[in-house]
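*Asks:* need coordinates for the below:
(chains A and B)
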Amino acid sequence: MLSIKNLHASVDDTEILKGIDLEVGDGEVHAIMGPNGSGKSTLAGVLAGRDGYTVGAGEANFDGKDLLEMEPQERANEGLFLAFQYPVEIPGVSNIYLLKSAVNAARKHRGEEELDAMDLVAFIRDKMKLTGMDDQLLYRSVNEGFSGGEKKRNEMLQMAVLEPKLAILDETDSGLDIDALKIVADAVNQLRDAKRSFVLITHYQRLLDYIVPDKVHVLYNGQIAKSGDKDLPQELEKTGYAWLTGADEMQAEEAVQGQ
Amino acid sequence: MSEQTEIVDRYTALFEQGCEQLPGAGVSWVVERRRAAMNRFAETGFPAPRDEEWKYTSLRPLEKREFGLPAGEALDLRPEDIAEFTFDEPEAVRLVFVDGVHVPALSHTAELPEGVDVRPMSVALNAPSEALQHHLGRYADPEGTPFVALNTALMGDGVFVHVPAGVQVETPIHALFLTSPGTDGVGPHYRNLVVAEDGASVTVLEDFAGLGEGAYLNNVVTEAVAPENARVEIYKLQQEGSGGYHVASFEGYQGANSVLTHHNIALGGRLVRNDINDALDAEGARVNLNGLYLGDGREHVDNHTRIDHLKPRCESREYYKGILDGRARGVFNGKVVVQPEAQETDSDQQNRNLLLSRNAEVDPKPELEIFADDVSCTHGATVGQLDEDALFFLRSRGIGYEDARNLLIFGFANEIIERVRIEPVRARLEERLLKRLPHTEAMED
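*Replies:* Prediction:
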């Protein structure tokens, strides 16, 4: 599904990613953890095609195609989805309009007919059940005046509607209360199947109490410092990131456990 | 001053030659008001660049050209030629004016409640009602701006609406002011008056559209009166042709617990200037001013608004948004005056501008003058560009760059457009807006 080899990327001449290697197979769920500043969000941004990063050496292949050569919209239409850490508000553009535009862009890319409005609404309502999102939010402007939880639900709705091959969740769990966290986890668990893959980028291990990953990686200083199975987060909870940073053990532990 | 002398001479000649043919020529008070206004204009000429109110808007192109009064007969337009500007649902009373002249064949009557008077201004001036005589020119003062003086002297056609006390008019009154293709050099002075009596309600749509590329000047004055418990809603839509000059003054006057809503949607024109003024002259009155202005190429669009809080416990809400592309220039000057007596005034004014090109420019100027001490007045003005994060977000959802950009521009404007409550008008505005954006095939589906 996703194959990253020796990926380097920098922001304003400062190298952030210093040779990432990562293989995500079909249907696998990978968690990437790590302290602040380790490069987690840079990795998500580079994979989704955000401006402002200079990609140096290395490669990233998505379903056999060179991901780094594609425009952000092409990546999305090929089946890559990024759930944002800070979902943006778009005043004046309704959720339904956004979803309609996004679905039809993907269909056009695949050479399919655009979905008619009635079918589309029925399809979206079906997906809304999955995220438990309030019906009326569909006709409100994208994320405008939404609570933190509602914004994340909205990201999950977009993910459910777009049915990506690979979804990258960039700290989608940050700032969420436990109920909202469960919504995110439920959405991922329900969409999880033998083909669809996920990369969960998270600062805290608590998301992984609800989504059991196949593999867990610790990112530190722009490289994957350690990889393991679903038990790695528990290990980290005991030791913190101190073995990586050399920082005070207690502080590091707090950083892992979060609020 | 020689240029101003030339302008004054030109318009005086126009007045002297044309006044016999102007409507109301047989009505002495009309004739007197015209002449007084002409004398006033002769004293001032056009506003000078040093006039603070006209600092950013040069009238030079208007000074050099001669714009004649409308001819007696309008060009032959067929109903299908104007189909994109008319609507049948909801049924509206429609008065169509082409190059300054009322065209009954294109107009449409609808049943109105008893006592409601809706007539072309040319007809009303020749057979004036008491209401017309009482209100015409009472709010738009020729002493104020030279364009109001000129309009009062030369007013030709437009719409007169009078709604008796307590009558609710559900049917919108649609006044459509078209400039035909191929016309060049015409200068209509459109005059509208909307009078609701106590407790009455009415909605009027002033719709200006240019169909050609020639030069013309629409000089418009609209007065609206909403006394106690009245509700008046005015929609002013304007999309002049590429050679169209549009100068318009609106004067609202409100009584106790009245609501006046004015929507000012300016979608284009060579030079557009709006003066939107409202006086809240009794307790509990509320005014809403919504505005959207678009400029592209070398267009110039200037909106000056003034809300006068004269009495206690009135509310004003003003939301104006501008989108400027190319080398267009926008001006927003929003004045809110709270007079000493106007305690417990509640006022909010917001002006937001979106610049789409390096060479576009906007001058936002909010002005609050507060002479009362117990008030809640807020205001804000911003100038920005498209949000890069939002652009990336949309692209990350599979939407192409141009479409994503257009979606954001549309969203910005839509906040004003969605306040339009006449459904076909809102739909048409969305359409016209989309047409102004580049490469919008994907969005028009």
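*Asks:* so which strand or helix has the residue in the stretch 151-259 of chain A that chain B sits nearest to?
*Replies:* Across the stretch 151-259 of chain A, the shortest distance to chain B (Cβ to the nearest Cβ) belongs to residue A:158, at 6.4 Å. Every residue, glycine included, has its C-beta placed from N, CA and C. Assigned by DSSP states H and E, residue A:158 falls within helix A:148-162.
*Asks:* with just CA atoms, put that helix into CSV.
*Replies:* This file holds the C-alpha atoms of helix A:148-162, laid out as CSV (Å, rounded to 0.1, in the frame of the first residue of the first chain):
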residue,chain,number,x,y,z
GLY,A,148,-13.6,20.4,18.8
GLY,A,149,-15.4,17.1,18.9
GLU,A,150,-17.7,18.0,16.0
LYS,A,151,-14.8,19.0,13.9
LYS,A,152,-13.2,15.6,14.4
ARG,A,153,-16.4,13.9,13.7
ASN,A,154,-16.6,15.8,10.5
GLU,A,155,-13.2,14.6,9.5
MET,A,156,-14.3,11.1,10.1
LEU,A,157,-17.4,11.7,8.1
GLN,A,158,-15.3,12.9,5.2
MET,A,159,-13.1,9.8,5.5
ALA,A,160,-16.1,7.5,5.6
VAL,A,161,-17.6,9.2,2.5
LEU,A,162,-14.4,9.2,0.5
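*Asks:* look up the pLDDT of residue 237 for me, please.
*Replies:* Just so you know, I chose chain A. At residue A:237, the pLDDT value in this model is 74.
*Asks:* that answer is for a different chain, and I need it for chain B
*Replies:* Looking at residue B:237, the pLDDT reads 96.
*Asks:* so what's it up against?
*Replies:* Applying Cβ atoms under 8 Å, 6 or more residues apart in numbering or on different chains to residue B:237 gives the contacts B:205, B:206, B:207, B:208, B:209, B:265, B:267, B:425, B:429.
*Asks:* rerun that using 6 Å as the cut-off
*Replies:* Residues near residue B:237 by Cβ atoms under 6 Å, 6 or more residues apart in numbering or on different chains: B:207, B:265.
*Asks:* cool, residue A:61 as well?
*Replies:* Residues near residue A:61 by Cβ under 6 Å, 6+ apart: residue A:3.
*Asks:* ok, so what distance separates the residue of the stretch 1-150 of chain B found nearest chain A from residue A:237?
*Replies:* Residue of the stretch 1-150 of chain B nearest chain A, by Cβ to the nearest Cβ: residue B:89 (20.2 Å). Residue B:89 sits 65 Å away from residue A:237, going by Cβ to Cβ, to the nearest Å.
*Asks:* those two: which is more packed in?
*Replies:* Relative neighbour count places residue A:237 above the other of residue B:89 and residue A:237, with 14 against 7, counting by other Cβ atoms under 10 Å in any protein chain shown.
*Asks:* before we move on, the earlier item: how much space between the closest residue to the residue of the stretch 151-259 of chain A closest to chain B other than its chain neighbours and residue A:76?
*Replies:* With sequence-adjacent residues excluded and distances taken as Cβ to Cβ, 6 or more residues apart in numbering or on different chains, residue A:158 is closest to residue B:397, at 6.4 Å. Per Cβ to Cβ, residue B:397 is found 6 Å from residue A:76.
*Asks:* so residue B:208 lies in a strand, does it not?
*Replies:* Yes: counting by DSSP: H, G, I helix; E, B strand; the rest coil, residue B:208 is found in a strand.
*Asks:* the nearest residue to it once chain neighbours are set aside: neighbour count?
*Replies:* Closest residue in space to residue B:208, ignoring its immediate chain neighbours: residue B:238 at 4.2 Å, by Cβ to Cβ, 6+ apart. Neighbour count of residue B:238, defined by other Cβ under 10 Å: 25.
*Asks:* so residue B:238: helix, strand or coil?
*Replies:* Secondary structure for residue B:238, judged by three-state DSSP, is strand.
*Asks:* helix or strand right after the helix or strand residue A:105 falls within?
*Replies:* Per DSSP H and E, residue A:105 falls inside helix A:95-109. The first helix or strand that comes after helix A:95-109 along the chain, using DSSP H and E, is helix A:117-131.
*Asks:* what sits up against that following helix?
*Replies:* A:99, A:100, A:153, A:156, A:157, A:160, A:161, A:187, A:190.
*Asks:* next: stretch B:357-370.
*Replies:* Residues contacting stretch B:357-370 (Cβ under 6 Å, 6+ apart): B:56, B:322, B:324-338, B:349, B:351, B:353, B:377, B:379, B:381, B:383.
*Asks:* let's go with 7 Å and repeat that
*Replies:* B:56, B:322, B:324-338, B:349, B:351, B:353, B:355, B:377, B:379, B:381, B:383 (Cβ atoms under 7 Å, 6 or more residues apart in numbering or on different chains).
*Asks:* next, the buried residues of that stretch.
*Replies:* Residues of stretch B:357-370 classed as buried under the neighbour-count rule (16 or more other Cβ atoms under 10 Å in any protein chain shown) are B:360, B:361, B:362, B:363, B:364, B:366, B:370.
*Asks:* run through the bridge partners of the third one.
*Replies:* According to DSSP bridges, residue B:330 are recorded as the beta-bridge partners of residue B:362.
*Asks:* report the central residue of the chain.
*Replies:* Picking chain A for this. residue A:169 (1.5 Å; Cα atoms, centre = their mean).
*Asks:* meant chain B, my bad for not saying
*Replies:* Note on chain B: the residue nearest the mean C-alpha position is residue B:236, at 4.8 Å, using Cα atoms, centre = their mean.
*Asks:* how about the residue in the stretch 51-200 of chain A positioned nearest to chain B, what does it touch?
*Replies:* Going by Cβ to the nearest Cβ, chain B is nearest to residue A:92 of the stretch 51-200 of chain A, at 3.2 Å. Applying Cβ under 7 Å, 6+ apart to residue A:92 gives the contacts A:141, B:410, B:411, B:412, B:413, B:414, B:415.
*Asks:* repeat that for residue B:419.
*Replies:* Counted by Cβ under 7 Å, 6+ apart, residue B:419 has contacts B:263, B:290.
*Asks:* which one of the contacts of helix A:117-131 has the most neighbours?
*Replies:* Neighbour count (other Cβ under 10 Å) singles out residue A:156 as the most crowded of the contacts of helix A:117-131, with 28 neighbours.
*Asks:* wait, that one touches residue A:184, no?
*Replies:* Yes: shown here, residue A:156 and residue A:184 form a contact pair, counting by Cβ atoms under 7 Å, at 6.0 Å.
*Asks:* pLDDT weak spots in the stretch 101-250 of chain B?
*Replies:* For the stretch 101-250 of chain B, no stretch is flagged by pLDDT under 70.
*Asks:* what ranges do the strands span in it?
*Replies:* B:101-102, B:117-120, B:159-163, B:173-179, B:189-196, B:201-210, B:216-226, B:231-239, B:244-254 (DSSP state E, counting those that start in this stretch).
*Asks:* noted, bye for now.
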